[in-house]
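Chemist: Predicted structure and sequence below. I'll ask about it afterward.
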Amino acid sequence: MTRTLTRAASSTVSSGPADHQAMARIAVETRGPSLTDVTHEVAAALEEAHAGDGLATLFCRHTSASLTIQENASPEVLDDLVDALDRLAPRAAGWRHDDEGPDDMPAHVKTMLTGASVAVPVIGGRLALGTWQAIYLVEHRDRPHRRELILHFVGSKAAA
């Protein structure tokens, strides 16, 4: 049984059983330094998992790619973010670690700055993202890669 408690005119608190878990693997092909919108793939996996209310955690299984939630309306924002990360961790900074090329160590620094996971509330089986938000896989390496994400949902099962 789910209860909804009204606390104030602008907020509600819901409570109910968290007896449903699901996991999914999501493969993403990247094209080099860029942000790839994975929101649709995450939403599809939640639908397939019959997610109700709960929390979705998305984890990137790589040390040279990362995840972020960012604006989904203006492509210039995404390009500016790639440029900003390049300024924060430039290739020619005298890195000692360059086993896989000059983009190797800067990619690790960029991943450390942006993070390997994101958590998003799920309400009624849908990601509770804001109007202008999307989930992005951030590729930090120069060449295309196949990246793997792990989605974990914990919460209630959607009503039949």
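Modeler: Received, thanks. Keep in mind that what you see is a predicted model, and the values were worked out from it rather than measured.
Chemist: List the residues that contact residue 30.
Modeler: By CB atoms under 8 Å, 6 or more residues apart in numbering, the residues touching residue 30 are 36, 65, 137, 139, 141, 144, 145, 146, 147. C-beta here means a position set from N, CA and C on the backbone, and glycine is covered the same way.
Chemist: For the residues you listed, please prepare TSV with the additional fields distance to residue 124, neighbour count and secondary structure.
Modeler: Shown next, in TSV, are those (distance: CB to CB, whole Å; neighbours: other CB atoms under 10 Å; DSSP: H, G, I helix; E, B strand; the rest coil):
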residue	distance to residue 124	neighbour count	secondary structure
36	26	17	strand
65	30	24	strand
137	25	24	strand
139	32	26	strand
141	37	20	coil
144	36	12	coil
145	34	18	coil
146	32	9	strand
147	29	23	strand
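Chemist: Where does pLDDT dip in the protein?
Modeler: The chain contains residues with pLDDT under 70 at 1-15.
Chemist: what do you get if the cut-off is 80, keeping everything else the same?
Modeler: Applying pLDDT under 80 to the chain flags the ranges 1-17, 160.
Chemist: just the helices in this protein please.
Modeler: Taking DSSP state H, the helices of the chain run over residues 39-48, 75-88, 104-114.
Chemist: and the first one, what does it pack onto?
Modeler: In terms of contacts (3 or more CB pairs under 8 Å, 6 or more residues apart in numbering; DSSP states H and E), helix 39-48 is packed against strand 20-29, strand 51-60, strand 126-127, strand 133-139, strand 146-157.
Chemist: returning to that earlier point: of all the helices of the chain, which lies closest to residue 159?
Modeler: helix 39-48 (13.5 Å; CB to CB).
Chemist: ok, and for that closest one, which residues are buried?
Modeler: Applying a neighbour-count criterion of 16 or more other CB atoms under 10 Å, one finds 39, 41, 42, 43, 45, 46 buried in helix 39-48.
Chemist: ok and it relative to strand 20-29, angle-wise?
Modeler: 150 degrees (axes from the mean of the first three to the mean of the last three CA atoms, to 10 degrees).
Chemist: which residues are contacting helix 39-48?
Modeler: For helix 39-48, the external contacting residues (CB under 8 Å, 6+ apart) are 22, 24, 26, 28, 56, 58, 72, 120, 122, 125-127, 129, 134-135, 151, 153.
Chemist: Ok, stretch 137-149 next?
Modeler: Outside stretch 137-149, the residues touching it (CB under 8 Å, 6+ apart) are 25-36, 38, 58-62, 64-68, 81, 85, 101, 103-104, 106-108, 110-111, 114.
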